[in-house]
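> Just a sequence and a predicted model for now, questions to come.
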There are 2 protein chains.
Amino acid sequence: MQPKSHLDNYFKSAFTVDNVIFGFDEGELKVLLIRRSEEPYDNYWALPGYFVRQNEDLDEAAQRVLWETTGLQNVYLEQLRTFGAPARHAFGRVITVAYYSLVKIADFTPRADGLSREVAWHNLQEVGELAFDHARILETAIAHLQQSIRNRPVGFELLPPEFTLTELQHLYEAIWGTELEKRNFRKKILSMQLIIPLDRMQQGVSHRPARLYRFDEARYRALTQQGFNFEVRG
Amino acid sequence: MQPKSHLDNYFKSAFTVDNVIFGFDEGELKVLLIRRSEEPYDNYWALPGYFVRQNEDLDEAAQRVLWETTGLQNVYLEQLRTFGAPARHAFGRVITVAYYSLVKIADFTPRADGLSREVAWHNLQEVGELAFDHARILETAIAHLQQSIRNRPVGFELLPPEFTLTELQHLYEAIWGTELEKRNFRKKILSMQLIIPLDRMQQGVSHRPARLYRFDEARYRALTQQGFNFEVRG
DNA sequence: ACAAAAGTGTTTAATGTACACCCATGG
DNA sequence: CCATGGGTGTACATTAAACACTTTTGT
């Protein structure tokens, strides 16, 4: 590093990452929030996030901070957008890079950690006031998710490796807040030939067990490069 | 401001904005680059960008910096993505918020300003080595543009207020690098009822003058809120 | 045998695709 | 009167949308 004096004034900012973790469980779309244990906004519900360290890449930081605030690990995170209004943080200039993700709640047991008093899944409708500009970040994330699931198979990256068609359908329904027609949904999804039927079946349900499928990632990459457009409509 | 000592270490970063300005002229898609007049990467071609001031919002900064480096003003800019690899800047930790835009080249006369030696439009194919990670930022912007023009009427926000259908079609063709069928393109665009035919015609062309249209922004907002999906295919 | 969700096919409507000619203007 | 791009309609193929019943399993 060889700082130049006329630039010194610029090296006085901090930046954070904030994670919007959508959880999908029993057909419900939820968001993971922490209750803060630090000023400012001590005790408020907030998105799990914290400062990025000097030698850390943004994606890494998002992973680490999520781990430190909620105990969640190895979550697929995607950068959403950066929020940087000058007065958004009381302690100085802090811009935040927002990430978002969608995980299957059953796979994760979040717990409060050093940087939070409490961690909980909240129904999207029941989110009250949030710290900082987190309400706006959350809105942006919801809008982005609804858009992006339309044209890219986001769902597959976020569902468990093996899933049933009904689970996949419920995911779309939860995100869009609409109902889809079972036969048409299946026809459309299967016609893309992007998911592979497995020999395994659902276990331990008290009705006819559904077939499990997995996403054909190799084929998806190949098709995408040829200009293929994955598209599911609401 | 009431800085807390245990957080002081975090307030040592700087952030910049970098603008990917796509220009559209005579059916060609180009990108606006500056030749830097400062270390690091003195003399290299780069995206127009600079440090964000302490009391400036990000969107504002993008506008200002574009003005200072190229003389361009009132350009529609949209946030693209933030790049923050720890070693991407030699003088310290600098993350950059990338913006992108598409302007009609004829409307703007960029000129070198205080922060650049030279400003020029480059064909996308003829961009050589760039400063910092700007090549990667440019790639990301291209991919994003190709995607986003599919589902949102980005073109309208970026074309001049009055345009012909052929201009609109050329825009799509330039971005996707494909040819579109004239009749079908028109049918599709007109069937959305999102553009309004004007009484005015093109002037000073040595062939039948084309009708001018303008985008119906109010109707677009109304439809979008009802879940309407603008879609044009390549 | 019943409850509960899985799974499947066909008809109709809407949309996309391919294609060729006349029109208005300037030079 | 010629060159140039503007503008249009129709037939055919593909895709979306609507809709009801049979199958498999656990209890």
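Received, thanks. Residues are numbered from 1 along each chain as shown, chains lettered A, B, ... in the order given.

> Just give me the residue right at the centre of chain A.
When Cα atoms, centre = their mean is applied to chain A, the residue found nearest the centroid is A:S101 (1.3 Å).

> my guess is that residue meets A:I21, correct?
Yes - counting by Cβ atoms under 8 Å, A:I21 is a contact partner of A:S101 at 5.1 Å. Quick note: C-beta positions are derived from backbone N, CA and C, even for glycine.

> so what sits against both of those two?
Taking Cβ atoms under 8 Å, 6 or more residues apart in numbering or on different chains as the criterion, A:S101 and A:I21 both touch A:V75.

> Wait, a strand at the residue nearest to the centre of chain A?
Yes - assignment of A:S101 by DSSP: H, G, I helix; E, B strand; the rest coil places it within a strand.

> How are the strands of chain A distributed by residue range?
A:14-25, A:28-36, A:45-46, A:49-51, A:78-83, A:94-104, A:116-123, A:195-201, A:211-215 (DSSP state E).

> May I see the ones you listed organised as a markdown table, with mean pLDDT added?
Below are the strands of chain A laid out as a markdown table (pLDDT from 0 to 100):
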| stretch | mean pLDDT |
| --- | --- |
| strand A:14-25 | 92 |
| strand A:28-36 | 92 |
| strand A:45-46 | 97 |
| strand A:49-51 | 95 |
| strand A:78-83 | 96 |
| strand A:94-104 | 91 |
| strand A:116-123 | 92 |
| strand A:195-201 | 95 |
| strand A:211-215 | 95 |
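
> Any figure for the gap between the residue in chain A positioned nearest to DNA strand D and A:R214?
Chain A approaches DNA strand D most closely through A:R208 (2.6 Å), counting by Cβ to the nearest atom of the strand. Distance from A:R208 to A:R214, counting by Cβ to Cβ, to the nearest Å: 20 Å.

> Poorly predicted segments of chain A, please.
A:1-5, A:157-158, A:225-229, A:234 (pLDDT under 70).

> Spell out which parts of it neighbour DNA strand D.
Contact residues (Cβ under 7 Å from any atom of the strand) of chain A with DNA strand D: A:181-184, A:188, A:191, A:205-209, A:231, A:233.

> Inside helices: which ones of these?
A:182-184, A:188, A:191 (DSSP state H).

> Mind picking the one among those that's closest to DNA strand C?
Once Cβ to the nearest atom of the strand is applied, the member of these that ends up nearest DNA strand C is A:R183, at 3.4 Å.

> do you know how far the closest one is from A:R211?
A:R183 sits 16 Å away from A:R211, taking Cβ to Cβ as the criterion.

> More neighbours: these two, which one.
Using other Cβ atoms under 10 Å in any protein chain shown as the criterion, A:R183 and A:R211 rank with A:R211 on top: 13 against 8.

> That one: what's it in contact with?
A:164-165, A:197-198, A:200-202.

> can you count the residues close to A:F83?
23.

> Could you check how far it is from chain B?
Using Cβ to the nearest Cβ, to the nearest Å, A:F83 is found at 8 Å from chain B.

> Residue ranges of each domain in chain A, please.
A:13-150, A:153-225 (automatic domain parsing).

> is the longest helix seen in chain A up against chain B anywhere?
Longest helix in chain A by number of residues (criterion: DSSP H): helix A:134-151. Yes - with Cβ under 8 Å from any Cβ of the partner chain as the criterion, chain B is reached by helix A:134-151 at A:147, A:150-151.

> which among those end up buried?
The neighbour count (16 or more other Cβ atoms under 10 Å in any protein chain shown) marks A:150-151 as buried among these.

> Please tabulate the residues of helix A:134-151 next to chain B in a markdown table and include distance to B:F83 as additional columns.
Listed next are the residues of helix A:134-151 next to chain B as a markdown table, based on distance: Cβ to Cβ, whole Å:
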| residue | distance to B:F83 |
| --- | --- |
| A:Q147 | 22 |
| A:R150 | 26 |
| A:N151 | 23 |
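
> Around chain B, pick out the residues from chain A.
A:1-4, A:7, A:9-15, A:39, A:51-58, A:79, A:81-82, A:84-86, A:90-93, A:95, A:97, A:147, A:150-151, A:227, A:229, A:233-234.

> No further queries at this time; thank you.
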